[in-house]
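Peer 1: I would like the atomic coordinates for the input below:
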Amino acid sequence: MTVATAELALPTLGMMMLTLVVWIYMFIQRVRFAQSHRIDIEKFKTPADVQALIPGDDSSASNNFKNLFELPVVFYAVCLYLMVTQQVDGFYLNCAWVFLALRIAHSLIHCSYNKVAHRFAVYVLSAIALWLMVVRAFLAVL
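Peer 2: This next block holds a predicted model:
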C-alpha cells in the first residue's frame, strides 16, 4: 500500500467518525425530547412515528444522520475503489479532505442553527469535490 493510499484512509475514517458523532447527538436529542415531553419511547416504533412526534428543530440530528447515508455512500465507494486500485494521488487526497471538511460544516449547520441557504451552499461545494473524484476515477478507466 502506498503512502497516498494509506493517507486516503484518514478522511474516509473521518466521515465514519462524523457519522458516529451525529448518531450520538441524535440519540441524546431524542432521549432529551422524549423525557422533557414525557413521551413513552414505545411510541417511537417506526421512523414515521418519530417524525410525527418530534418537530423539525428537535429532529435536526436525525435528519442530518439520514443525509450521512446519501452522498457519503458514494464517497466511501470511490475512496475504497481508489485505495484498492492504488490510484490515490494528491488531487484525490485534497478532494477527500475538502469533502470531509464541508460535510463536517454541513452537519454543524444542520444540527445547530440550520439555515438552509448556508447548509445548501456547503452541500453543493462538498458534492462538487466528490463528483470531481468520481468523474476523474471514471475517466482514468477509459
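Peer 1: residue 90 - nearest residue in space that isn't next to it in sequence?
Peer 2: Leaving aside its chain neighbours, residue 90 sits nearest to residue 4 (7.3 Å; criterion: C-beta to C-beta, 6 or more residues apart in numbering). Heads up, the C-betas are built off the backbone N, CA and C, glycines and all.
Peer 1: swap in residue 72?
Peer 2: Here the residue nearest residue 72, using C-beta to C-beta, 6+ apart, is residue 15, at 5.4 Å.
Peer 1: what are the buried residues along the least confident helix or strand in the chain by mean pLDDT?
Peer 2: Lowest by mean pLDDT, DSSP states H and E among the helices and strands of the chain is helix 47-53, with a mean of 83. Under the neighbour-count criterion of 16 or more other C-beta atoms under 10 Å, helix 47-53 has 50, 53 buried.
Peer 1: can you list contacts of the helix or strand that it is followed by?
Peer 2: The C-terminal neighbour of helix 47-53 among helices and strands, as given by DSSP states H and E, is helix 60-67. If you take C-beta atoms under 8 Å, 6 or more residues apart in numbering as the criterion, helix 60-67 is touched by 19, 22-23, 25-26, 29-30, 50-51, 54, 56, 106-107, 110-112, 114.
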